[in-house]
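Student: After the sequence you'll find the predicted model.
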Amino acid sequence: MLNSYSSADKVLLAVDCIIFGFDHEGLKILLIQRDFEPEKGKWSLIGGFLKRDEVLDAAATRILNTYTGLNDIYMEQLYAYSEIDRDPVERTISVSYFALINIENHNEELIQNYHAEWFPINDAPNLIFDHNEMVQNAIKRLRYKTSIKPIGFELLPEKFTMRQLLELYEAILSKELDKRNFISKINSLEILNKLDEKDMQSSRKGSYLYTFNKEKYEEKLLNNFVLNL
């Protein structure tokens with residue numbers, strides 16, 4: 001019977017978060033060292049199980065806040081993973097999310113309490129279960145979206161230089177970009193506010209600081225513009 005809920009198999013639903021951050025060393029990922037079996041002592045993505053009274057986005061938001069102390073995080077749902085033996089303990093389906101946060105803004109004490117650590121994206125340890133596959137899929141999605149849309153500002157401080165923005169895009173796309181062409185394309189979008197302030201640490205003359213204009217960015221999204229980096 002199609003409506004026979006009692007005889008249906010019961011499975012667990014997990015949410016795993018690929019948390020990207022950025023600093024002067026490049027693009028990074030936040031991982032946690034498990035303190036329970038299975039795979040105790042090994043590294044994994046940060047995740048948890050869906051509760052009966054929440055939707056997937058709410059579960060991802062709860063998990064991200066628990067481990068970073070941050071709210072209003074940019075996140076995006078990616079894929080579902082349902083291999084029968086992906087978790088050796090229970091039949092578990094996992095839905096992955098990727099999130100972008102500014103490393104400077106997270107709660108460092110919370111991260112330490114949960115045995116979490118930031119790793120350079122190209123130097124991260126091997127992960128449990130199918131988490132390596134989740135990370136690779138998240139990187140592909142992030143690179144694709146970054147190449148056509150100006151996302152990633154959540155990874156930068158509130159005020160940033162054009163050089164910092166260029167370095168962020170190069171780190172995400174894993175390639176060198178033509179500086180003049182990049183600046184021209186970004187300026188043409190009119191989504192940055194140029195400030196009268198300068199970052200005097202970058203050079204003697206200093207570099208102008210910018211802020212992200214979220215309202216103009218959302219207007220551009222409605223018009224389906226393409227960045228084409």
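Tutor: On my side now, so go ahead.

Student: Domains of the chain: list them as residue ranges, please.
Tutor: 12-148, 153-223 (the TED database).

Student: could I get those as JSON lines with mean neighbour count, distance to S4 and mean pLDDT?
Tutor: For the C-beta atoms, the positions are set from N, CA and C on the backbone; glycine is no exception. Converted to JSON lines, these look like this (neighbours: other C-beta atoms under 10 Å; distance: least, C-beta to C-beta, whole Å; pLDDT from 0 to 100):
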{"stretch": "domain 12-148", "mean neighbour count": "16", "distance to S4": "19", "mean pLDDT": "94"}
{"stretch": "domain 153-223", "mean neighbour count": "14", "distance to S4": "45", "mean pLDDT": "89"}
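
Student: would TSV of these with distance to L229 be doable?
Tutor: Shown next, in TSV, are the domains of the chain (distance: least, C-beta to C-beta, whole Å):
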stretch	distance to L229
domain 12-148	5
domain 153-223	7
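
Student: Check which helices and strands the lengthiest helix in the chain is in contact with.
Tutor: Looking across the chain with DSSP state H, the single longest helix is helix 131-148. If you count contacts as 3 or more C-beta pairs under 8 Å, 6 or more residues apart in numbering; DSSP states H and E, helix 131-148 packs onto strand 12-23, strand 74-81, strand 92-100, helix 162-173.

Student: same thing but at 10 Å, please
Tutor: Here helix 131-148 is seen to pack against strand 12-23, strand 26-33, strand 74-81, strand 92-100, helix 162-173 when contacts are counted using 3 or more C-beta pairs under 10 Å, 6 or more residues apart in numbering; DSSP states H and E.

Student: Can you spell out which helices and strands pack onto the second one?
Tutor: Think strand 26-33. Checking 3+ C-beta pairs under 10 Å, 6+ apart, strand 26-33 ends up next to strand 12-23, strand 43-44, strand 46-49, helix 56-68, strand 116-120, helix 131-148, helix 162-173.
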